[in-house]
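> have a look at this prediction, sequence included:
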Amino acid sequence: MAEMIDRLASEVEAKVNISPNVDFGPGYEPKTSEPIARPLSNMDEVLLWKPGEDEFNVANEVLAKRTESEVAKPKTLLCHDMMGGYVDDRFIQGVAKTDCYRFYHWQYIDIFIYFSHHFLTIPPAPWTNAAHKNGTLMLGTFITEWTDGFERCKQIFASEETCRKFADKMVALARYYKFDGWLVNVENHIEPEHMPQLLEFVQYLTSEMHKLDPMSKVIWYDSVIQTGKLKWQDMLNDNNRMFFDGCDGIFLNYNWNEQKLKDSVKNAGARPHDVYVGVDIFGRGCFGGGGWNTNKAMEVIRRVDLSAAIFAPGWVFEKHGAAKFIINENRFWSLIESYLHPHGVKQLPLCSNFCQGFGVHGFSSGKKMMNKNWCNLSAQQIQPSFSNKQFEDGAKQKMDRKITDGYSGGGCLSFDGSLDAGKTHTFKVLMTDTECTDAILISYSVKTSNQVKTELYLQTAGPEGQIILTDTEDASKADKQTITDYGLHESEKRADMPAAVFAPLMGTSITALKEMSANIPNSNGWVTRYYLLTSNSLGGCPRITEIGLKCSSENEPTIYNVLLGQIMVIDAAQLKDSMTQVTDLTCQDITWSPPIISPNQFEGLVSICITVKWKYAGDASHYDIFVKGVTRSPNENIELSVYEPVFVGRSHSNQFRICHLLVPQKTEKHTLEVMVLPTNKAGFQAPLSSVSTVKVNYS
């Protein structure tokens, strides 16, 4: 193994040179050199932009496939307008705090628009990553306003050539940053002679975005009318339908009434679900007044079968504060839930630790890797498809989240209930529509209270109906099942059960899994069970339509708490990627400074910033960054041995900026080792023993 470590290691020589803040450009926070997302605020920034300038802000998650209703239903668009945009969420690698706005009700949202009043709003990569994991489209914003907007429009729409050139730049931005389209919001009047070019711009932008990605969307905001005047219509009519006809939909202004919506339905013809009726949660002239009365507007919108555009749901955070954000956020969405049409993710691998992208700890395989507050939406995982409204008796069972414990990420799901003897509680967790064409490996990680039995269930569309993955096994049969091509035994189908019940893998299969991945062991009370089901086990390749948990009490009444830390459903063929390490690991942009916080407290230490880059042949979920050679933990204020690897961060792309890490200031040569440990999309982590390393030798 030592030979492998040497083969994957490289070295960099560096000299400690303490200097003022180095300006790496607009894609970095000036004081800390942390990578940040930014808009393009003027014409020069747009025209001079080139791909490659701020690669940290490139999203890495492709749009997940999602379940769709067989019957066409109205859609829900969410337009994010939060304190002007680019607040804490501008920090691409996250922030060391938890009181940040975040969104996690993705199952209800078809299109998410990241909105600001800057000229071209580029969605921060963490928002795009979170949306794409949950099957939601992400759009940026083109906006012109007031006198500046009028002058920009004169320049853009001067001719067909200029408007197409600008649209080409917008398509290039979407291609590079990997988002899915644009909201076009022209809120200034347009010279009548420029109106043909404005319409050409909308049509051409839509056409070119569709060439880039047929799933993309260009949405027109109800503002300028056919004469060029800025005159909001609050409906679809002959004054604005030319734009509607030229793109994928219209976002109506907020001062509508029911009659205007009925007229919009008539004017939309065969496209009523491409009319997105604006609902301002701040209530500025909006039907129903917004806020906790948003359901009143939603009821009217759905009654006429139009789509909805929910604007500024950050109202919950801005108006009511961070302290009770989760309570208020869940309350808001529960009030309109009945008017929304949920969807789930329907592709393999289907893996989630249900992290919302924040925490007070960071967990890996049930162990705490980090003890500090953090928020990073790139770490957000697929969210539950179901809420507590699924329960007939909410007093007896509840699904919630917990951040003080977890198996992976920033927390876990928590299931609480009160069970009578011999009774079972069912918790629906994930809606899906996943086709299983071959063997699948399924696992789930739980931590349970006493006197409660936990089982994962798969609802299928095949003859087996519901498949139960039980928590009990027969060790004498574990290695007598058929060995598959993947080196694992098939899970035993329990013949003594009335339904399709399968026992977890044991014996040599678990040994084989441990050899494939570094994150298999059970720890800190967490138990992970694995099951290998072939297409025959699944009743001839059925579809899995729902995944959930059953909690039961056999002999006596019990009050229980069960934590669900992770669910994983993967094509067994993906096991082959579990040992892949990163390659071509390099360091660049090394800077030195005194400790930026309490420098007198850290005598003998110096602050180093490093950009680490690498390549990876597999399909990664994330990368954990470790260093060796530091004497103080960046995660908590404790001293360390220089020989002890310490976690410094998690990356969701092929690079990471280590910012202001405290290292010993030495006159003689000292070595800082940087290690990058990948976890693939199937949830398997490569072994630390063969991790790729780059050494920074400094003095």
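Looks like it came in fine. Residues are numbered from 1 along each chain as shown.
> pLDDT averaged over the one helix or strand residue 259 maps to - what is it?
Take DSSP states H and E as the rule and residue 259 turns out to sit in helix 258-268. Taken as a whole, helix 258-268 has an average pLDDT of 98.
> do the same with stretch 168-187
For stretch 168-187, mean pLDDT rounds to 98.
> so for it, what gets flagged as buried?
Applying a neighbour-count criterion of 16 or more other C-beta atoms under 10 Å, one finds 170-171, 173-174, 176-186 buried in stretch 168-187. Where C-beta positions appear, they are placed from N, C-alpha and C, glycine not excepted.
> tell me where the protein has helices.
Taking DSSP state H as the test, the helices found in the chain are 2-7, 43-48, 125-133, 146-156, 160-177, 195-212, 241-246, 258-268, 294-303, 315-320, 325-336, 507-516.
> so for residue 613, which of those sits nearest?
In terms of C-beta to C-beta, the element of these nearest to residue 613 is helix 125-133, at 15.9 Å.
> so residue 351 makes contact with residue 621?
Yes: under the criterion of C-beta atoms under 8 Å, residue 351 lies in contact with residue 621, with a separation of 7.4 Å.
> overlap in contacts of these two?
When C-beta atoms under 8 Å, 6 or more residues apart in numbering defines a contact, the residues bordering residue 351 and residue 621 alike are 681, 683.
> who's in contact with residue 481?
Shown here is residue 481, whose contacts under the criterion C-beta under 8 Å, 6+ apart are 489, 490, 491, 492.
> most neighbours of all those residues, which one?
Counting neighbours by other C-beta atoms under 10 Å, residue 491 comes out on top of the contacts of residue 481 with 27 neighbours.
> okay, and for the stretch 551-699 of the chain, where does confidence drop off?
Along the stretch 551-699 of the chain, segments meeting pLDDT under 70 span 576-578, 598-601, 636-637.
> all strands for it, in order.
Counting by DSSP state E, counting those that start in this stretch, the stretch 551-699 of the chain forms strands over residues 558-571, 583-593, 605-615, 620-628, 646-651, 655-664, 670-680, 692-698, given from the N-terminal end onward.
> sheet-wise, list the partners of the longest one with their directions.
If I follow you right, that is strand 558-571. The strands beside strand 558-571 in its sheet (DSSP bridges) come out as strand 350-352 (antiparallel), strand 412-419 (antiparallel), strand 440-448 (antiparallel).
> which of those sits closest to residue 364?
When these are ranked by proximity to residue 364, the top entry is strand 440-448, at 11.7 Å, counting by C-beta to C-beta.
> list of residues touching that closest one?
By C-beta under 8 Å, 6+ apart, the list of residues contacting strand 440-448 reads 348, 366, 405, 407-408, 412, 454, 456, 458, 469, 486, 488, 524-533, 538, 549, 560-572, 575, 682-683.
> for the record, mean pLDDT for stretch 446-462?
Averaged across stretch 446-462, pLDDT comes to 88.
> any idea how far it is from the chain center?
Relative to its chain's centre, stretch 446-462 lies at 26 Å (C-alpha atoms, centre = their mean, to the nearest Å).
> over to stretch 326-342?
19 Å.
> buried residues in that stretch?
By neighbour count, with 16+ other C-beta under 10 Å as the criterion, the buried positions of stretch 326-342 are 326, 328, 329, 330, 332, 333, 335, 336, 337, 339, 340, 342.
> nearest residue to the fifth one other than its sequence neighbours?
For residue 332, the nearest residue in space outside its immediate sequence neighbours is residue 316; the separation is 5.2 Å by C-beta to C-beta, 6 or more residues apart in numbering.
> repeat for the last one
Counting by C-beta to C-beta, 6+ apart, the nearest residue to residue 342 once its immediate chain neighbours are dropped is residue 107, at 4.3 Å.
> and for the one you found, the neighbour number?
Burial measure for residue 107: 26 neighbouring residues, criterion other C-beta under 10 Å.
> for it, what are its contacts?
When contacts are counted by C-beta under 8 Å, 6+ apart, residue 107 touches 134, 342, 343, 344, 383, 384, 385, 431.
> for the third one, give me phi and psi.
Meaning residue 343. With angles defined as degrees, to the nearest 10, residue 343 sits at phi -140, psi 170.
> what about it, how many neighbours?
Applying the criterion other C-beta under 10 Å, we find 23 residues in the vicinity of residue 343.
> gap between it and residue 65?
Between residue 343 and residue 65 the distance, using C-beta to C-beta, to the nearest Å, works out to 10 Å.
> do the same with the first one
Distance from residue 134 to residue 65, counting by C-beta to C-beta: 11 Å.
> what's the overlap in contacts for those two?
Overlap between the contact sets of residue 134 and residue 65, as judged by C-beta under 8 Å, 6+ apart, is given by residue 345.
> those two: which is more packed in?
residue 134 (27 against 15).
> spit out the contact partners of that one.
With C-beta under 8 Å, 6+ apart as the criterion, the residues that contact residue 134 are 64, 66, 106, 107, 345, 382, 383.
> now, among these, which is nearest to residue 221?
Closest approach to residue 221 among the contacts of residue 134 (C-beta to C-beta): residue 106, at 23.0 Å.
> if you skip the residues just before and after it, what's nearest to the closest one?
With C-beta to C-beta, 6+ apart, the residue lying closest to residue 106 is residue 134, at 3.4 Å.
> residues near residue 538, how many?
23.
> hmm, residue 466 and it touching each other?
No: the pair residue 538 / residue 466 is not scored as a contact, 11.8 Å apart, by C-beta under 8 Å.
> which residues are common contacts for these two?
Counting by C-beta under 8 Å, 6+ apart, the residues touching both residue 538 and residue 466 are residue 460.
> strands of the stretch 401-550 of the chain, start to end?
All strands of the stretch 401-550 of the chain, identified by DSSP E, counting those that start in this stretch, fall at 412-419, 424-435, 440-448, 453-460, 466-469, 500-502, 527-533, 543-552.
> report the angle between the longest one and strand 558-571.
Angular relation of strand 424-435 and strand 558-571 on a 0 to 180 degree scale: 10 degrees, by axes from the mean of the first three to the mean of the last three C-alpha atoms, to 10 degrees.
> output the lowest mean pLDDT helix or strand found in the chain.
Considering only helices and strands, the least confidently modelled element of the chain by mean pLDDT, DSSP states H and E is helix 2-7, at a mean of 34.
> got a pLDDT number for the closest residue to residue 544 other than its chain neighbours?
Sequence neighbours aside, residue 434 is the residue nearest to residue 544 in space, at 4.7 Å (criterion: C-beta to C-beta, 6+ apart). What the model reports for residue 434 is a pLDDT of 90.
> so what's residue 434 up against?
The neighbours of residue 434, taking C-beta under 8 Å, 6+ apart as the test, are 346, 347, 348, 350, 543, 544, 569.
> number of residues surrounding the fourth one?
Applying the criterion other C-beta under 10 Å, we find 23 residues in the vicinity of residue 350.
> any idea how far residue 536 is from it?
Residue 350 sits 21 Å away from residue 536, going by C-beta to C-beta.
> name the nearest of the buried residues of stretch 326-342 relative to residue 371.
residue 326 (21.0 Å).
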